[in-house]
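Undergrad: With the sequence up front, the predicted model follows.
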Amino acid sequence: MKSELNNPHNYLGKYFGYETFRPLQYEIIENVLNENDCLVLMPTGGGKSLCFQIPALMKEGVAVVISPLIALMKDQVEALKANGIEADFLNSTQNYGEQNEILKKAESGNLKLLYIAPERLLANNDLELIKSLNVSLFAIDESHCISAWGHDFRPEYRKLDILKKTFPDIPVMALTATADKVTRRDICRQLGIPNAREFITSFDRPNISLTVLPGRNRMKQIQDFLKSRPNQSGIIYCLSRKGTESVAEGLVKMGFKADFYHAGCTAEDRSRVQEQFINDDLQIIVATVAFGMGIDKSNVRWVIHYNMPGNVEGFYQEIGRAGRDSAKSDTLLFYSYGDIIQRKRMIDDSEMPEEQKEVLNAKLERMRQYAEAQHCRRKILLSYFNQDLESDCGNCDVCKNPRSGFDGTVLAQKALSAIARAEEKVAMGMLIDILRGSRNQQVLRNNYDKLSTFGVGADLKFEIWADYISQMLNLGVMEIAYDEGHAFKLSEVSWQILKGKRKVELANFISFDERKAIREAESAPAKQQKDFFKNELFEKLRILRKEIADSAGIPPYVLFHDSTLLEMANEKPIMASQMLAVSGVGELKMKKYGFTFLKAIQEYMGELEKSEVPAEIIKEIKPKRVKGQTTTETQLFFNMGMSVEEIAQERNLSVATIAGHLVKLKEDGADIDLRKLTDDWTLDEVKKAIEATRFQSNSPLKVLFDHLGEQIGYDRIRIALAVLGES
Ligand code: ADP
Ligand code: ZN
């Protein structure tokens, strides 16, 4: 029994329904159990919370978690409670009475985790509040807030050094998703934990796909993207408040459930929109960067950047809000030269000191390199965080559709000579019009239609030229004068190309439709068929989840993550043991919801069997019943604390059969306490009967049954014999 309580793995399965730890989680937990301090650096969605939640469950007393975001606190506590863990929070939204009640609960040892906002913890500058508690550990979430070097400095975090000073023996865990070396060192210094061990996991999030699309016809492209994703939650980030409003309006007109969110909305509107989004009542949030901090919603299936962010850190954090449940998720970035120009202008026109402008421009440049990448985008992204990916990721648009190259020297010469003849006064749009021979007003007014280069590139569509010219800019074929209306300028390199002394290699253009077609062709028919049934069942389970979540008053993703539902739809468990094997189904959730989902899946399979779907296909998708599983199934229910009668009812078997299973399991060495199934009176009666009849282990049970006047059933006699045999 002791070893079971000492093993973090058992807690992982029992409370969270997960099979294996993610990298470093186990090591971190062990470190805390050994009473050592540590600093944990993991990306958003990496699984930081488990690192303090499991030690909190395993250690005596209550774990105090410092968290700056009230919304996040509430979310985490809700999710913990849904897993059957005693947790609560203290913050300024509660009145005195409520807070007192929670504290009492913590004092009496009935709480495993207590979340506190830093200002609440340090009110009156004393720690009286927690001195009366038996604290098992301190976890400081978002710990970069303590450092002025971090990106979100909060002065109230500075006072947290008092924790280690007051409680030198209690382990402190600092957790963060963003901290460079300097910030990390600062965090440990500020918290007074200079010897803290550092645990840093990879920043890779392989379940998130990366795609960059040319920033034209964005609404149409979004519409196409959404068509294949009905009911999937997502976020669209825009640069401006106005942008969010107009994109949301456009989506609503197209028939989508969308709303906007920015710092200019009233607090009421913001919390309404957020609440609807969290509860799956609103599919799409169109927002500025004001949205997302502290949103724990795990089933955000996609993130779109309508405009390009100004730096890689921000971009990575925003796309990181997709797929926290590890299920497949998609991200799209729209990119156009115009975005770079707009961003650059914002920086250059601001009142900032020159050095800071330089830093921001350099960061913008890194973002541009990402958007224009000709090789694996994830490699570029991770290299930004000083991480090396060994091979290409296979889950970005460049990896999926590597572009073939071609000799683009002639195209470059056409573009360059048009620039020269237009006296280096034209920007992207006009240059393409000249090349394609468009007779629009602007062209005519400037007499560009008289140029010898007018129409030399009429064979290529506008979007193709735009793509090639972007590539040329990237290669330094020409330059751009931001202070002259972004007119193109010729450089030394340009002249070399014009004179035929230098070649230009371009990557072939691939349109959005072509990319889509390639993707669709990739999935074979058999897989498509299987996918169809998976999706149909997923949809049914999703609706069931929403119904149960609404009546329980919790967000659907707290009930089960999307990844859990997907696994159910994929594996189609029809037995409880199969259901418990699904990642994310712990014991409490199995008891509370598992059976309802099990029935829904059984029903779905039943309907399929009655339908016209060919039997071979059903056989293909149906899970196999495992032989000899029946006693294991009983053991599982029993371990979950169900009585023999309840198990019999749930399994549609007789009480005697279930009792038989349990005795057999016990005889086979399973850890089952049969005492719970009997009582002293029965044991006494059976004992007397054994003596009176000189009962032997090989005598028929009927001897005892008859002697006891048929008062005690065979199942109860078997159990009593097993218990008596032990003692
Ligand atoms: P973070 O705090 O690092 O942003 P969370 O702790 O919220 O991330 O974890 C992100 C998601 O991953 C949660 O839904 C969590 O339940 C899940 N998760 C954490 N650890 C595991 C694991 N070992 N196996 C499966 N899922 C996990
Ligand atoms: Zn890649």
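TA: Good, I have the coordinates. Ligands and ions are numbered 1, 2, ... in the order given.
Undergrad: Residue of the stretch 351-500 of the chain nearest ligand 1, please.
TA: In the stretch 351-500 of the chain, no residue comes nearer to ligand 1 than residue 385, which is 15.2 Å away by Cβ to the nearest ligand atom. All C-beta atoms are positioned from the backbone trio N, CA, C, and that covers glycine.
Undergrad: What about the closest residue in space to that residue that isn't next to it in sequence, how many residues nearby?
TA: With Cβ to Cβ, 6 or more residues apart in numbering as the criterion, residue 385 has its nearest non-adjacent residue at 4.7 Å, and that residue is residue 203. Counted with other Cβ atoms under 10 Å, residues neighbouring residue 203 total 20.
Undergrad: swap in residue 147?
TA: 26.
Undergrad: In this structure it contacts residue 158, no?
TA: No - at 9.3 Å, residue 147 does not count as touching residue 158 under the criterion of Cβ atoms under 8 Å.
Undergrad: Find residues that contact each of those two.
TA: residue 190 (Cβ atoms under 8 Å, 6 or more residues apart in numbering).
Undergrad: okay, the helix or strand hosting residue 416 in PDB with CA atoms only?
TA: If you go by DSSP states H and E, residue 416 is part of helix 409-421. Output of helix 409-421 as PDB, limited to C-alpha atoms (Å, rounded to 0.1, in the frame of the first residue of the first chain):
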ATOM      1  CA  THR A 409      16.600  35.700 -63.800                       C
ATOM      2  CA  VAL A 410      14.400  36.700 -66.700                       C
ATOM      3  CA  LEU A 411      11.500  37.600 -64.400                       C
ATOM      4  CA  ALA A 412      13.800  39.600 -62.200                       C
ATOM      5  CA  GLN A 413      15.200  41.500 -65.200                       C
ATOM      6  CA  LYS A 414      11.600  42.300 -66.300                       C
ATOM      7  CA  ALA A 415      10.800  43.700 -62.900                       C
ATOM      8  CA  LEU A 416      14.000  45.600 -62.600                       C
ATOM      9  CA  SER A 417      13.800  47.200 -66.000                       C
ATOM     10  CA  ALA A 418      10.200  48.300 -65.300                       C
ATOM     11  CA  ILE A 419      11.500  49.900 -62.100                       C
ATOM     12  CA  ALA A 420      14.300  51.600 -63.900                       C
ATOM     13  CA  ARG A 421      12.000  52.900 -66.700                       C
END
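Undergrad: Can you name the next helix or strand after it?
TA: Counting by DSSP H and E, what follows helix 409-421 is helix 428-436.
Undergrad: where does the stretch 551-700 of the chain have low pLDDT?
TA: 623-629 (pLDDT under 70).
Undergrad: oh sorry, the question was meant for the stretch 401-550 of the chain
TA: Ranges of the stretch 401-550 of the chain meeting pLDDT under 70: 482-483, 512-513, 515-529.
Undergrad: swap in the stretch 201-350 of the chain?
TA: 294.
Undergrad: Spatially, what comes nearest to whichever residue of the stretch 101-250 of the chain sits closest to ligand 1 if we skip its sequence neighbours?
TA: Relative to ligand 1, the nearest point of the stretch 101-250 of the chain is residue 177 (6.3 Å; Cβ to the nearest ligand atom). Sequence neighbours aside, residue 44 is the residue nearest to residue 177 in space, at 4.8 Å (criterion: Cβ to Cβ, 6+ apart).
Undergrad: Return the distance of the one you found relative to residue 684.
TA: 61 Å (Cβ to Cβ, to the nearest Å).
Undergrad: same question, residue 545
TA: 50 Å.
Undergrad: Comparing these two, which residue is more hemmed in?
TA: Neighbour count, other Cβ under 10 Å: between residue 545 and residue 684, residue 545 has more, with 24 against 11.
Undergrad: For the more buried one, list the residues it contacts.
TA: Residue 545 makes contact with 556, 559, 560, 565 under the criterion Cβ under 8 Å, 6+ apart.
Undergrad: and which of those residues is nearest residue 592?
TA: Residue 592 lies nearest to residue 559 out of those, by Cβ to Cβ, at 9.0 Å.
Undergrad: got the residues of the stretch 501-650 of the chain near ligand 1?
TA: 561, 583 (Cβ under 6 Å from any ligand atom).
Undergrad: all strands of the stretch 501-650 of the chain, in order?
TA: For the stretch 501-650 of the chain, the strands defined by DSSP state E, counting those that start in this stretch occupy 505-507.
Undergrad: all helices for it, in order.
TA: All helices of the stretch 501-650 of the chain, identified by DSSP state H, counting those that start in this stretch, fall at 512-522, 525-552, 556-559, 562-571, 576-580, 587-589, 595-610, 615-621, 629-639, 644-651.
Undergrad: Which strands or helices does the fifth one pack on?
TA: It refers to helix 576-580. If you count contacts as 3 or more Cβ pairs under 8 Å, 6 or more residues apart in numbering; DSSP states H and E, helix 576-580 packs onto helix 595-610, helix 629-639.
Undergrad: before we move on, what about the third one?
TA: Using 3+ Cβ pairs under 8 Å, 6+ apart as the contact test, the elements touching helix 556-559 are helix 70-82, helix 525-552.
Undergrad: and that helix, how far out from the chain's middle?
TA: 13 Å (Cα atoms, centre = their mean, to the nearest Å).
Undergrad: would you put the C-alpha positions of that helix in PDB?
TA: Provided in PDB are the C-alpha atoms of helix 556-559 (Å, rounded to 0.1, in the frame of the first residue of the first chain):
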ATOM      1  CA  PRO A 556     -16.900  21.600 -21.800                       C
ATOM      2  CA  TYR A 557     -13.100  21.300 -22.000                       C
ATOM      3  CA  VAL A 558     -12.900  20.900 -18.200                       C
ATOM      4  CA  LEU A 559     -15.200  17.900 -18.500                       C
END
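Undergrad: can you pull the buried residues of that helix?
TA: Within helix 556-559, the residues that count as buried by 16 or more other Cβ atoms under 10 Å are 556, 557, 558, 559.
Undergrad: Likewise for the last one?
TA: Of the residues in helix 644-651, 644, 647, 648, 650, 651 count as buried by neighbour count, 16+ other Cβ under 10 Å.
Undergrad: Nearest to residue 219, out of the residues you listed: which one, please.
TA: residue 650 (51.6 Å).
Undergrad: Quick check: the gap between that closest one and residue 637.
TA: The value you get for residue 650 to residue 637, if Cβ to Cβ is used, is 7 Å.
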